[in-house]
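Participant: Mind folding the following:
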Amino acid sequence: MILSISGVMLLGTVVFLFFRKDGLKGSHACTSALFGFYLASTGIAPSIKAGGESLASLLGGIKF
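Facilitator: A predicted model of the protein is given here:
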């Protein structure tokens, strides 16, 4: 639950900054689509959420 709320907040902030700074481009549209799937909880959203959690655990496992 915390990861999905954090993901929504992060992606929402990124989408907002994209709109304010450059307008919406192709990569920005992809981020917006991910944001929409998190919010809408459609049928494909669990797969996207699992991918986000997998990416988060991968990034969390990186040692500096």
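Participant: Give the helix, strand or coil label for the most centrally placed residue in the chain.
Facilitator: Taking Cα atoms, centre = their mean as the criterion, residue 11 is the residue nearest the geometric centre of the chain, at 4.5 Å. In the three-state summary, residue 11 is assigned as helix, counting by DSSP: H, G, I helix; E, B strand; the rest coil.
Participant: Identify the residue nearest it in space, chain neighbours excluded?
Facilitator: The spatial neighbour of residue 11 that comes closest, neighbours along the chain excluded (Cβ to Cβ, 6 or more residues apart in numbering), is residue 35 at 4.1 Å. Every C-beta, even on glycine, is put in place using the N, C-alpha and C of the backbone.
Participant: Count residues in the vicinity of that neighbour, would you?
Facilitator: Residue 35 has 19 neighbouring residues, counting by other Cβ atoms under 10 Å.
Participant: quick one: it from residue 46, how far?
Facilitator: Distance of residue 35 to residue 46, given as Cβ to Cβ, to the nearest Å: 16 Å.
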